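S.K.: Next come a sequence and a model predicted from it.
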Amino acid sequence: MPEPQQPEGAIAGTGMGGAMDLAVSEATTLEGGRPDGSGPSGKPRSLWSDAWRDLRRNPVFIISGLVILFLVVISLWPSLIASGNPLKCDLSKAQEGSQPGHPFGYDGQGCDVYTRTVYGARTSVTVGVCATLGVAVLGSILGGLAGFFGGFWDSILSRLTDIFFAIPVVLGGLVLLSVVTSSTVWPVIGFMVLLGWPQISRIARGSVITAKQNDYVQAARALGASNSRLLLRHITPNAVAPVIVVATIALGTYISLEATLSYLGVGLKPPTVSWGIDISAASAYIRNAPHMLLWPAGALAITVLAFIMLGDAVRDALDPKLR
């Protein structure tokens, strides 16, 4: 005699003498996938897909991402929200406050503070992004190779990073950049890369040492995989997450460092438009015209905070221990 079919679902015992109705879709899916954590197609979710899912649900990531997106847009096209010329000044309006069409007032030279604040985002974002990319690439390559091969080269890199860690960043900038006469951003970026790569190098070295000890790497090596294949195919994808987290947080630090060096007079130089230059020029008028300092300093603080918040959100999403 055939057994009766269960209508529209399965009846599962609860272990307490009762029963629980499980719909078929609920029995085979878990957060859009299967009970084993795989996606709708049956493929296991990777670390990156899980991280992206967590980031989309994190309000800190959304807010900081929107702020950074806005900064990138005005860095590429500042004329979208500022139609004036940041280098056009009128001494007759020096230190004047907010006026129609000039909401931030004028600085000590009669330049529009709003226009200079908008155009200053381009310099800060350019320095931060380029310095971070340079530091991440150089530090990852040196640290990854040292961690993978070990031995003599690892010892040399360790002693070299100790030497660079012993150099104070601001003091090093005062010494190295004081002899540079260029007004472009590249000397400042080069200085940041020169003193910033040891931190990323140590992070990359530790991640590679941990990753190369895993069983799948040892199995690939036993099957005859070359060193380049082990590094590029098996180790790098599983060791790059800590580097991304540290680099994202460091990006805000580099933007702040550029403003600090410009404030001290050894970073960017006029006629380059920079928040650090404007803050330095406004410090002498803080009592008579505080608006000159308020707006560029506020823009700098918001930018640095946005990148730090983004880095914290990425760290929380990529760290398996926090799940």
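M.R.: Looks like it arrived, so ask away.
S.K.: any residues touching stretch 223-237, and which ones?
M.R.: For stretch 223-237, contacts defined as C-beta atoms under 8 Å, 6 or more residues apart in numbering pick out 144, 148, 208, 211, 212, 216, 217, 220, 221. C-beta coordinates here come from the backbone N, C-alpha and C atoms, glycine included.
S.K.: What count of nearby residues applies to residue 230?
M.R.: 18 (other C-beta atoms under 10 Å).
S.K.: Residue 128 too?
M.R.: Neighbours of residue 128 (other C-beta under 10 Å): 25.
S.K.: Same question for the one 10 residues further on.
M.R.: Residues lying near residue 138 (other C-beta under 10 Å) number 17.
S.K.: For this structure, which segments are assigned as strands?
M.R.: Along the chain, the segments classed as strands by DSSP state E run 10-13, 19-22.
S.K.: Residue 241 against residue 318, yeah?
M.R.: Yes: the pair residue 241 / residue 318 is scored as a contact, 4.4 Å apart, by C-beta atoms under 8 Å.
S.K.: Spatially nearest residue to residue 180, not counting backbone neighbours?
M.R.: residue 187 (4.5 Å; C-beta to C-beta, 6 or more residues apart in numbering).
S.K.: isn't that neighbour right next to residue 178, touching?
M.R.: No: counting by C-beta under 8 Å, residue 187 does not reach residue 178; the two are 10.8 Å apart.
S.K.: Compare neighbour counts for these two and give me the winner.
M.R.: Counted by other C-beta under 10 Å, residue 187 and residue 178 do not tie: residue 187 has more neighbours, with 19 against 10.
S.K.: And the more buried one, what's its pLDDT?
M.R.: Per-residue pLDDT puts residue 187 at 91.
S.K.: what does residue 130 give?
M.R.: So, for residue 130, pLDDT stands at 95.
S.K.: Specify which residues of the stretch 1-150 of the chain, grouped into ranges, have pLDDT under the cut-off.
M.R.: For the stretch 1-150 of the chain, the stretches flagged by pLDDT under 70 are 1-47.
S.K.: all helices for it, in order.
M.R.: Remark: helices assigned in the stretch 1-150 of the chain by DSSP state H, counting those that start in this stretch are 24-28, 47-56, 59-76, 113-149.
S.K.: Residue 82: which of these is closest?
M.R.: Closest approach to residue 82 among these (C-beta to C-beta): helix 113-149, 4.0 Å.
S.K.: Just name whatever secondary elements the closest one is in contact with.
M.R.: helix 59-76, helix 151-165, helix 186-211, helix 241-264, helix 275-282, helix 291-318 (3 or more C-beta pairs under 8 Å, 6 or more residues apart in numbering; DSSP states H and E).
S.K.: so which of these gets nearest residue 96?
M.R.: helix 291-318 (9.3 Å).
S.K.: Cheers, nothing more for now.
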